[in-house]
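1. Provide a 3D model corresponding to the input given below.
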Amino acid sequence: EGGNTAAAPAAATPLFAFKAHDGCIRAAAAAADHLVTGSTDNTLGVYNLRKRRAHGSLLQEGGGGAVSALSFYGGTHLLSGGSDGDVCIWRTSDWECLL
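-> Modelled structure (predicted):
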């Protein structure tokens, strides 16, 4: 009576896995079917969550700093910020950097 009733640890099974970056992941954002990660290797990794596969990699404009901030604006644009102060506005329909 009055014994310790600790909950059993939760088990997690990965649904899919990728080697995301050569550097450390510093930022992540998700919207609709996409997950985007930003890294110290100056790239953004784009993943399709519905299809469970990598969509590709993007190079932060200027390429001089780690990607340290990501935020979706609706489902149409992604904002990324680098540690060097560079900002990109990505159009999600074709992943072009507009700024």
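2. So which residues of this structure form helices?
-> Taking DSSP state H as the criterion, the chain contains no helices.
3. Going by neighbour count, list what's buried in the lowest-mean-pLDDT helix or strand in it.
-> Every helix and strand in the chain was compared by mean pLDDT, DSSP states H and E; the lowest is strand 53-59, with a mean of 86. For strand 53-59, burial by neighbour count (16 or more other CB atoms under 10 Å) applies to Leu58. All C-beta spots, glycine's among them, are computed from the backbone N, C-alpha and C.
4. Quick one: list the elements packing against it.
-> Judged by 3 or more CB pairs under 8 Å, 6 or more residues apart in numbering; DSSP states H and E, the packing partners of strand 53-59 are strand 43-48.
5. What lies in contact with the strand it packs on?
-> 18, 20-21, 33-39, 53-60, 67, 70, 80, 90, 95 (CB atoms under 8 Å, 6 or more residues apart in numbering).
6. Next: stretch 22-40.
-> 20-21, 41-42, 44-51, 55, 60, 66-72, 74-75, 78, 80, 92.
7. cutoff 7 Å now
-> 20-21, 41, 44-50, 66-72, 75, 78, 80, 92 (CB atoms under 7 Å, 6 or more residues apart in numbering).
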